[in-house]
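# Build me a structure from this.
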Amino acid sequence: MLYEKLLGMSASSDRIILTDTKEELTYRNLDSRVRKTAEQMRSLGIEAGMRVIIRNENTIQTVTEILACIYLHVCFLLLPEKATGEQIDYVIADSQAALLIDHNDSDFRMLELQKSCSALPEEDELIYILYTSGSTGRPKGIMASCRQVMFCIEAINERLRNGENDRILCVLPLAFDYGLYQLFLALQYGAKLILLPHALMQQIPALLKQERITAFPAMPAMLNMILATGLLQRVELPGLRYISSTGDNLQVGLIRRLHNTFPHVSIIPMYGLTECKRVSIMPENRWDKIWKGSCGIPLTGTEVYLDQKREDGIGELIVKGPNVMEGYWNSNGAEDTFFVDAEGNKCLRTGDCFRIDQEGFLYFCGRQKRILKTYGYRIGCGELEACLSDQLGELADELRIIGIPDEIMGDKIIVCIRSQIDTGGLLAKVKEAVEKLPPYQRPHSLYHTTNAFPLNNNGKIDDDRLRRDMKTNGLYDI
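From the prediction side, this is the model:
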């Protein structure tokens, strides 16, 4: 079912659909390679219902292995190229996978645990399991069925409108669902996918121009880093249609810098989690909502509501609808994240705080897991970041609130800022900005850097590395 939609119905087409800038493949070429890879997997004893781990990078080989799994009705598990031996061993044991395809070893390795699931209707078959980073405990495998994947592809593209005239640049890892769905969207709607394994930030502006990119999915940290090179501001990109962003909060200051650079380009803030792929996407040309910090409205056919809403209208976002994934493989102690409501609808607790305006637009207000407690007060990092970003404007290229343990106050609040102005000038501006905050919300120290914030494997800001950098480079009292 899914393979037919993505590739099978176009298997005789000579339209170029995929390139790594060195090699181009048509639908026909790609289908041929997928079938050969599927035969190789079959010869090893792989059959429908089994699970296959692919330790990958962004290559055409990885794409053929993903599609071969879908063709064989085999569930694939993607691990990033940088996955450690310990992480791989954990996923092997937890998933009971039958095959490990390790690009680092150039090897197809059969595993001892060769178990297949009982036969399911095709729409209920598991397409993939993506494991979380495990930053708050053991990694959890998020299961996606054929029904959910097909719904998400169609609902996302209803807003993005990718088509045969589009060229999508994917520098996002395929092991991250935001990257994986660029492949799905390109195949189903005939857009050419330019897939790159190792693109340096300073190379991306030239690639956008050389490859005549129309669609650029990115993450806020990535966009900040590209702007920091100064190269993006020097290229003309008349064909660029949109820049989309998810994975972290797309701050209004960053949107403003992008809009000033490319006023003809649509900036599309989005919000989602791997547990439900995508929750909201900004409709085109709603700049009135973008400038207010909204991340869009829910996908068509889905619903959201706020749980335990406070007097200020902020509560935890609950999602229900066909975008909510099957749950966690083996549950892994997180059964309360997914639940069924009184009407029998599958729902997801996002763990994120939002407010919703009268038109149904969502506004991210912070993550419950990014809460600091200082002198007994709970401080939402996202809310404080938004406030200080608004106060500092273009002085702050990146801004992040993190905490470090303190025996007396609980969490010591640190504001981390990437800025090109001198430390003395920045410190003065920060002191002026925090004076407008209630005393308990004021950051205690400033960490100033001219370098882009470090990122983890999923492209999100790595708070632990930021803390290590602080110890090396020092803090300034506010």
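# measure the spatially closest residue to Leu231 that is not a sequence neighbour to Asn224 for me?
Excluding its sequence neighbours, the residue lying closest to Leu231 (Cβ to Cβ, 6 or more residues apart in numbering) is Pro205, at 4.2 Å. All C-beta atoms are positioned from the backbone trio N, CA, C, and that covers glycine. As judged by Cβ to Cβ, to the nearest Å, Pro205 and Asn224 stand 14 Å apart.
# which one of these two has more residues nearby?
Remark: of Pro205 and Asn224, Asn224 carries more neighbours, 22 against 19, as counted by other Cβ atoms under 10 Å.
# right, and Ser266 touches Arg286 too?
No - Ser266 lies out of contact with Arg286 (Cβ atoms under 8 Å); the separation is 9.9 Å.
# the more surrounded of the two?
Ser266 (21 against 18).
# residue contacts, the more buried one?
Residues near Ser266 by Cβ atoms under 8 Å, 6 or more residues apart in numbering: 241-243, 284-285.
# picking that back up, what about the residue nearest to Leu231, is that helix, strand or coil?
Here Pro205 is helix, with the state taken from DSSP: H, G, I helix; E, B strand; the rest coil.
# Tell me which residues touch it, please.
Pro205 neighbours (Cβ under 8 Å, 6+ apart): 226, 229, 231-232, 234-235.
# how close does it sit to Leu227?
Distance, Pro205 to Leu227, by Cβ to Cβ: 10 Å.
# Of all the residues in the lengthiest strand in the chain, which ones are buried?
Across the chain, the longest stretch assigned as strand under DSSP state E is strand 346-356. Across strand 346-356, burial judged by 16 or more other Cβ atoms under 10 Å covers 346-350, 352-356.
# cool, and stretch 447-465?
Of the residues in stretch 447-465, 447-449, 452-453, 456-463 count as buried by neighbour count, 16+ other Cβ under 10 Å.
# Looking at those residues, which is nearest Thr64?
Minimum distance to Thr64 across those is 22.6 Å, recorded for Asn457 (Cβ to Cβ).
# quick one, what contacts the closest one?
Counting by Cβ under 8 Å, 6+ apart, Asn457 touches 80, 82-83, 133, 173, 175.
# Just the buried ones out of the residues you listed, please.
80, 83, 173, 175.
# Strands - which of those land there?
Short answer: the buried ones among the contacts of Asn457 in strands (DSSP E) are Pro80.
# How much space separates the residue nearest to Leu231 from Leu232?
Per Cβ to Cβ, Pro205 is found 5 Å from Leu232.
# okay, and the common contacts of the two?
Ile226.
# for the protein, which spans come out with low pLDDT?
104-107, 110, 112-120, 133-138, 199, 332-335, 376, 378, 407-408 (pLDDT under 70).
# and with 50 instead?
Within the chain, the ranges that satisfy pLDDT under 50 run 134-137.
# Spatially central residue (nearest the centroid) of the chain, please.
With distances taken as Cα atoms, centre = their mean, Gly247 lies nearest the centre of the chain, 3.7 Å away.
# what's the burial count for Pro263?
7.
# Equivalent analysis for Glu311, please.
5.
# Distance of it relative to Tyr377?
According to Cβ to Cβ, Glu311 and Tyr377 sit 16 Å apart.
# start to end distance for stretch 438-455?
In stretch 438-455, first residue to last residue: 31 Å (Cα to Cα, to the nearest Å).
# ok, and for stretch 42-61, which residues are buried?
Buried residues in stretch 42-61, counted by 16+ other Cβ under 10 Å: 46, 49-61.
# next one: stretch 202-213
Buried, per 16+ other Cβ under 10 Å, within stretch 202-213: 203-205, 207-209, 211, 213.
# and that stretch, how far apart are its ends?
Start to finish, the residues bounding stretch 202-213 are 16 Å apart (Cα to Cα).
# that older thread, for the contacts of Asn457, give me CSV that also has distance to Lys5.
As requested, these are arranged in CSV below (distance: Cβ to Cβ, whole Å):
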residue, distance to Lys5
Pro80, 27
Lys82, 31
Ala83, 29
Ser133, 30
Pro173, 23
Ala175, 22
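# Sort out which of the residues you listed are in helices and list them.
Among the contacts of Asn457, DSSP state H puts none in helices.
# Asp406: which of the residues you listed is nearest?
Ser133 (26.2 Å).
# can you give me the helices in the stretch 101-250 of the chain?
Secondary structure of the stretch 101-250 of the chain, counting by DSSP state H, counting those that start in this stretch: helices at 146-160, 177-189, 204-210, 220-229.
# can I see the domain layout of this structure?
2-119, 149-367, 371-477 (automatic domain parsing).
# Between the two ends of the longest one, how far is it?
Just to be clear, that refers to domain 149-367. Terminal residues of domain 149-367 lie 26 Å apart, using Cα to Cα.
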